[in-house]
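*Asks:* Build me a model:
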Amino acid sequence: MGADDEFEVTSADSGAAKFAPVQASSLKKGQYLLIKGRPCKIENIATSKPGKHGSAKCAFIGTDIFTGKKHEAISPGHANVDAPYVTRKEHQLNDIQDGFLTLWDEDANADFENIRVPEGEMGEKIEPCLQLIKFLLSLSLHQWVRKGLLTLRRYES
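*Replies:* A predicted model of the protein is given here:
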């Protein structure tokens, strides 16, 4: 093996799936579904009856978990749709630097800084709250590589 045959690995992936196939007719309100590639929380499901030449259809209305925008999708009831793996975690908010939140992850026993300060009303509330209270717990939704801040609440020790 010569010097030209060497290579460097710069990243690794566990190979874990980011979503699972689920039968459309088995989904319920409040569960998660990928609509147009976006993770959405299902708000409404309408199921039509099978017709003479077709199968039952499921019409989904969901809200994007990161942007809050509504999306719609229609799928045959027997078909598989993609349901993303979504986890909810609480973190202590320690600081804000260069538009990113510094959050404490108790499980990893370390800080991480890959969540942007949200835009809009929540983003405007964060810094004054941090200065006043000094510690906030943030509820973040983790889905794939993307993470987003959902809510803030006062830290009670």
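*Asks:* Helix or strand with the lowest mean pLDDT in the chain?
*Replies:* Here the helix or strand of the chain ranked lowest by mean pLDDT, DSSP states H and E is strand 136-143, holding a mean of 51.
*Asks:* so how far is the first residue of stretch 95-115 from its last?
*Replies:* 12 Å (C-alpha to C-alpha, to the nearest Å).
*Asks:* which residues of this protein score low on pLDDT?
*Replies:* Across the chain, residues meeting the criterion (pLDDT under 70) sit at 1-16, 131-157.
*Asks:* swap the cut-off to 80 and go again
*Replies:* For the chain, the stretches with pLDDT under 80 are 1-17, 53, 66-67, 87-95, 101, 103-108, 110, 112-157.
*Asks:* which residues in it form strands?
*Replies:* 19-23, 32-35, 38-47, 57-64, 70-76, 80-84, 87-97, 100-105, 110-116, 136-143, 146-154 (DSSP state E).
*Asks:* mind putting those in a markdown table, mean neighbour count and distance to M122 included?
*Replies:* Just so you know, the C-beta spots here come from the backbone N, C-alpha and C atoms, and that holds for glycine as well. Listed next are the strands of the chain as a markdown table, based on neighbours: other C-beta atoms under 10 Å; distance: least, C-beta to C-beta, whole Å:
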| stretch | mean neighbour count | distance to M122 |
| --- | --- | --- |
| strand 19-23 | 14 | 27 |
| strand 32-35 | 21 | 21 |
| strand 38-47 | 16 | 17 |
| strand 57-64 | 19 | 15 |
| strand 70-76 | 15 | 19 |
| strand 80-84 | 17 | 22 |
| strand 87-97 | 15 | 12 |
| strand 100-105 | 18 | 11 |
| strand 110-116 | 13 | 12 |
| strand 136-143 | 18 | 10 |
| strand 146-154 | 15 | 7 |
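*Asks:* Test my guess that F66 contacts P39.
*Replies:* Yes. Counting by C-beta atoms under 8 Å, F66 sits close enough to P39 to count as a contact (7.3 Å).
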